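1. 3D, please:
(4 chains)
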Number of protein chains: 2
Amino acid sequence: MNYIEQLKAHALKVTPQRMAILEEIEAAGHIDVDHLYEILRMNFPSISLATVYKNVNQMYELQILEAIKVPNHKLQYEITKAPHIHLACDSCGSVMDMQQCIGELIDSAESESGYRLNHSTVVLNGLCPSCQKKSA
Amino acid sequence: MNYIEQLKAHALKVTPQRMAILEEIEAAGHIDVDHLYEILRMNFPSISLATVYKNVNQMYELQILEAIKVPNHKLQYEITKAPHIHLACDSCGSVMDMQQCIGELIDSAESESGYRLNHSTVVLNGLCPSCQKKSA
DNA sequence: TAACTAAACAATAAAAATTATTATTTAAGT
DNA sequence: ACTTAAATAATAATTTTTATTGTTTAGTTA
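-> Here you go, the predicted model:
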């Protein structure tokens, strides 16, 4: 995926900070603003938390990013990909993707409701295999 | 649904505040903490915002409530019912329920992933019919 | 490549949202 | 009614998020 083109397509200037934000989110898979800020500071010691918030929110609104909420954990962001399912562990907070097509679900919901849909967030909560063992 | 029994089942005392919180959320369908607080103050002039936060979070963690995030809007809470689909309008922030069964989806995700799932949040974002007209 | 312009940046301050603390009150079981 | 553990209100503190302002930078134009 070409982030430069994607930013330009949304009339956002291609800055080193924005590129780094996107690259770090991609590398992490799923990450919250705080943690992202900590990582970015390694390469951009002067970056400000407000910049991270501003850009992440901006990209979220433009749907370059999407957000996943897990109880007791901060909002986690990821790069928007094809609609898919998130498996979230309530115990350790980890999020896993399942590349299963939910296009049919979206299509039927759209036609039944009259909504025009453009985006989906499917989060299934539970315990990951590893946390199941711990609590057993 | 009997809220008294539900609270007791989770070892939460049945207080007028808790009952009112549950009843108001049910009445509203979907509501954020701030708005809920404003409504509760009508009947409980002395209730504190912290009490609302504490109880809503508590009930959320116990899955008596669930939360829906819409961009640019605060977290909205609703009474946990059968797993269903939320349609959320990015423009006006309204949330609508669709009583469509997603049990199959959950079952297949569970068996494929090894996760033990107990809860689901499916949010499909877009524009509601009314906001489509406005922007057209 | 030098200069221009609009936008992004860092730093700071401010505002908003959330959580913690403590003394008082209340629910529910004896 | 009495007792005890828990919930509440009030307040303070913390955390998260947003706004502001002056400076810097990206991307364009000449």
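
2. Now do the SS call for the residue sitting nearest the centre point of chain A.
-> Taking C-alpha atoms, centre = their mean, the centroid of chain A lies closest to A:Glu78, which sits 2.0 Å from it. Three-state assignment for A:Glu78 (DSSP: H, G, I helix; E, B strand; the rest coil): strand.

3. Grab the nearest non-local neighbour of A:Ser91.
-> A:Cys131 (3.9 Å; C-beta to C-beta, 6 or more residues apart in numbering or on different chains). Just so you know, the C-beta spots here come from the backbone N, C-alpha and C atoms, and that holds for glycine as well.

4. ditto for A:Gly29
-> A:Gly29's closest residue in space is A:Glu78 (C-beta to C-beta, 6+ apart), at 6.4 Å.

5. on that earlier part again, what's the burial count for the residue nearest to A:Ser91?
-> The number of residues packed near A:Cys131 is 18, by other C-beta atoms under 10 Å in any protein chain shown.

6. still on that earlier bit, you'd agree the residue nearest to A:Gly29 is up against A:Leu65?
-> Yes - under the criterion of C-beta atoms under 8 Å, A:Glu78 makes contact with A:Leu65 at 6.7 Å.

7. Quickly list what's touching both of the two.
-> Common neighbours of A:Glu78 and A:Leu65, counting by C-beta atoms under 8 Å, 6 or more residues apart in numbering or on different chains, are A:Ile25.

8. what residues does chain A put near chain B?
-> A:60-61, A:67, A:69, A:71-72, A:75, A:85, A:87, A:89-90, A:96, A:98, A:100, A:102, A:105-106, A:108-110, A:112-129, A:132 (C-beta under 8 Å from any C-beta of the partner chain).

9. Among those, which are located in helices?
-> Per DSSP state H, helices hold the following members of those: A:60-61, A:105-106, A:108-110, A:112-113, A:129, A:132.

10. Tell me the residues of chain A that contact DNA strand C?
-> By C-beta under 7 Å from any atom of the strand, the residues of chain A that approach DNA strand C are A:12-13, A:15, A:17-18, A:44, A:46-51, A:54-55.

11. where's the residue lying closest to A:Cys92 once chain neighbours are set aside relative to B:Ala109, distance?
-> The shortest distance from A:Cys92 to any residue other than its chain neighbours is 5.5 Å, reached at A:Cys131 (C-beta to C-beta, 6+ apart). Distance, A:Cys131 to B:Ala109, using C-beta to C-beta, to the nearest Å: 16 Å.

12. go on, A:Glu26?
-> Between A:Glu26 and B:Ala109 the distance, using C-beta to C-beta, works out to 24 Å.

13. So for those two, which sits in the more crowded spot?
-> Taking neighbours as other C-beta under 10 Å, A:Glu26 and B:Ala109 compare with B:Ala109 leading, 21 against 13.

14. check contacts around the more buried one.
-> Neighbours of B:Ala109 in contact, by C-beta under 8 Å, 6+ apart: A:85, A:87, A:98, A:100, A:124, B:115, B:117.

15. again, only this time at 7 Å
-> Residues counted as contacts of B:Ala109 (C-beta atoms under 7 Å, 6 or more residues apart in numbering or on different chains) are A:85, A:87, A:98, A:100, A:124, B:117.

16. For these, work out which two are farthest apart.
-> A:Gln100 and B:Leu117 (13.6 Å; C-beta to C-beta).
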